[in-house]
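S.K.: how would this look folded up:
(4 chains)
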There are 2 protein chains.
Amino acid sequence: MPWRPTRQRKAVLSALHDCAGFTSAQELHEALEADGIPIGLTTVYRALHALDRSGQVDVVREKSGERLYRPRPADGHRHYLVCRDCGLSTAVDADAVERWAEDVAGTMGFAEVEHTVELTGVCDRCRVTPAVRSSAEQHS
Amino acid sequence: MPWRPTRQRKAVLSALHDCAGFTSAQELHEALEADGIPIGLTTVYRALHALDRSGQVDVVREKSGERLYRPRPADGHRHYLVCRDCGLSTAVDADAVERWAEDVAGTMGFAEVEHTVELTGVCDRCRVTPAVRSSAEQHS
DNA sequence: TCAGTTATGGAAATGATTACCATGTGCGTC
DNA sequence: GACGCACATGGTAATCATTTCCATAACTGA
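M.R.: Next up is the predicted model:
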């Protein structure tokens, strides 16, 4: 399975890094088109899918079921505390949960354990000046 | 907002209790119709929504994004270890995560914290005799 | 250049969920 | 019991993110 770094794929990865918080495939597509980069929505989805499979991005799901992506930071964190208001995301030390998940599953006799942990809240700043969640208004 | 225990609502709650593991709205609808209980899909969704709001059921989301429901047991547990193969779900002691979530959020300056924890794996039995996930084949 | 694989992208399909809305039902009141 | 009305129902149509299809385009090694 060769990996051709095409114009579009590089653009998706780059656009993803330009976003402060988590971003949806559709937002990403709009942002790219707005930047004058012609790209099909299908291609954005495919690129994100590939990045996910190869572990270059983290994925969370918000209440509506929409998938949100963000480039995985170098330190390899995988769990975040996300602000419901502005989308600000903060990497969280989740070693405790990782261990806990392994333990519980082992005790129950389950194998091949996978876990999903999602934390949401309202960040400091938004408690003072509420912002509408939109990629344009996210702060870092 | 009055709560009228109509024929349909009682049927949904009852059908939900008859299922071993987590069940989707659509499966529930099929099961009800199969039992000769005429009910609209819309009504099933509404009933589940209401049960969710009033805290009588727990909801998880599987990878596809589909929502799965199960009646909340008396002991008030809210986290489960679910078998990806047969759907078997086991209540899990998640006090540790609850506390952890509060702590982390507090440290980061976040308020109104909510958390989602989902554990999946393959249970003992399924490791031996793999089952296709279907409401008819779930074991308790 | 040629052939073959891989990538692209518009349009159509999917599938769970929700909105709409006309009709039906439970229930307190007279 | 009959009346009235808020609440419930359920079929159909809309939503919406995501996937599938498929014909076309781009890349790559020979």
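
S.K.: Helix, strand or coil: sort out the residue nearest the centre of chain A for me.
M.R.: In chain A, the C-alpha nearest the mean C-alpha coordinate belongs to A:Tyr69, at 2.6 Å (CA atoms, centre = their mean). Going by DSSP: H, G, I helix; E, B strand; the rest coil, the secondary structure assigned to A:Tyr69 is strand.

S.K.: Chain A against chain B: which residues are in contact?
M.R.: When proximity is defined by CB under 8 Å from any CB of the partner chain, chain A lies next to chain B at A:61, A:65, A:81, A:83-84, A:90, A:92-93, A:96-97, A:100-101, A:104-105, A:108-124, A:127. C-betas here are computed from N, CA, C, even on glycine.

S.K.: Near DNA strand C, which residues of chain A? Just list them.
M.R.: For chain A, the residues in contact with DNA strand C under the definition CB under 7 Å from any atom of the strand are A:1-4, A:6-9, A:38-43, A:46-47, A:65.

S.K.: So which of the residues you listed belong to helices?
M.R.: Members of the residues of chain A next to DNA strand C lying in helices (criterion: DSSP state H): A:7-9, A:41-43, A:46-47.

S.K.: which phi and psi does the residue of chain A found nearest DNA strand C have?
M.R.: Using CB to the nearest atom of the strand, the point where chain A gets nearest to DNA strand C is A:Gly40, with a distance of 2.2 Å. Dihedral angles phi and psi of A:Gly40 (degrees, to the nearest 10) take the values phi -80, psi 150.

S.K.: and if you look at A:Ser54?
M.R.: In this entry, A:Ser54 is assigned phi and psi values of phi -90, psi 10 (degrees, to the nearest 10).

S.K.: rewinding a little: are any of the residues of chain A next to DNA strand C buried, and which?
M.R.: A:8-9, A:39, A:43, A:47 (16 or more other CB atoms under 10 Å in any protein chain shown).

S.K.: Closest one of those residues to chain B?
M.R.: The nearest member of these to chain B, counting by CB to the nearest CB, is A:Ala47 at 19.7 Å.

S.K.: and that closest one, what pLDDT?
M.R.: Model confidence at A:Ala47, given as pLDDT, is 95.

S.K.: cool, and A:Ala131?
M.R.: Listed pLDDT for A:Ala131 reads 56.

S.K.: Just give the number of residues close to the closest residue to A:Asp18 other than its chain neighbours.
M.R.: Using CB to CB, 6 or more residues apart in numbering or on different chains and skipping the chain neighbours, the partner closest in space to A:Asp18 is A:Ala31 (7.7 Å). By the other CB atoms under 10 Å in any protein chain shown criterion, the neighbourhood of A:Ala31 contains 19 residues.

S.K.: And for A:Glu66?
M.R.: Neighbour tally, A:Glu66, other CB under 10 Å: 14.
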